[in-house]
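**Student:** I would like the atomic coordinates for the input below:
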Amino acid sequence: MKRWLVLWKYIANSFSRTSGWGVIPIVITPDKTIIQDSALIIDYFEQKYPLNKSVYPIGAKQRLVASILELFGDEFLKMPAMHYRWNFHSQMEFMKHEWGISLLPRASTLDMDKVRSTAEASMSSFATSLPVLGVSESTIPGIDTTYKEFLFILNRHLSAHRYILGDIPSIGVSMCLKSWFEFEISCIGFRAVWSNVCTLV
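**Tutor:** Coordinates of the predicted model:
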């Protein structure tokens, strides 16, 4: 376990030196290049391992829409994602377990107290950053209402399409998935109300 903690500290310090902010996701390439940003990571693997179908649509209009969705998901859906992650106490035990296991992946069932305390120490700094991201008592009602409206429109669209832009996923979908996942965990009835979005997630 000590080896994993040392490795985690090394990686966190590497993140901070590269971007100024020790967060994930990141990829360390074989030549030690550190890539820290979901879209940049996707771009790296697309170029490294090209496939017949790209996450960037061929059509100019579709490519523009995908890029707008990427921006929307990466920058503006952070607020609902962080709100649904941190403001629902009913999921805190699940969060602590998953967070702790990600920090101590080799912990045994006998180390659950250590996993929990490690998670709590790490989670506290993120939970208190909500106001910086625009999530507060005054903004939460608007965040909740507009996000559910967005899900309603998207769910209706997906009743006729497999993905947002046709038959293959795009870069825009990738950036939106994280907020949908947070919402699914915290919202009772998600699957019944937004079944098409749930299928996509």
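**Student:** tell me, how many residues neighbour L77?
**Tutor:** Neighbour count of L77, defined by other Cβ atoms under 10 Å: 22. Any C-beta I mention is one placed from the backbone N, CA and C, and that applies to glycine too.
**Student:** looking at it now. What's its pLDDT?
**Tutor:** In this model, L77 is scored at 85, pLDDT.
**Student:** low-confidence ranges in the protein?
**Tutor:** Under the criterion pLDDT under 70, the flagged ranges of the chain are 1-24, 108-110, 178-179, 181-190.
**Student:** switch to 50 and redo it
**Tutor:** Applying pLDDT under 50 to the chain flags the ranges 1-6.
**Student:** quick one: the strands in the protein, in order.
**Tutor:** 27-28, 34-35 (DSSP state E).
**Student:** could you say which of these is packed most deeply?
**Tutor:** Per residue and on average, the most neighbours among these fall to strand 34-35, with a mean of 16 (mean count of other Cβ atoms under 10 Å).
**Student:** domains in the protein, as residue ranges please.
**Tutor:** 58-87+136-201, 88-134 (automatic domain parsing).
**Student:** Y44 contacts Q36, doesn't it?
**Tutor:** No - in this structure, Y44 is not within contact of Q36 by Cβ atoms under 8 Å, at 11.0 Å.
**Student:** who has more neighbours, the two?
**Tutor:** Q36 (19 against 15).
**Student:** about what we covered before: got the domains of the chain as a markdown table, with distance to K48 columns?
**Tutor:** Compiled in a markdown table, the domains of the chain are given as follows (distance: least, Cβ to Cβ, whole Å):
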| stretch | distance to K48 |
| --- | --- |
| domain 58-87+136-201 | 16 |
| domain 88-134 | 25 |
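**Student:** pick the most buried one from these.
**Tutor:** Highest mean neighbour count of those: domain 58-87+136-201, a mean of 16 (counted as mean count of other Cβ under 10 Å).
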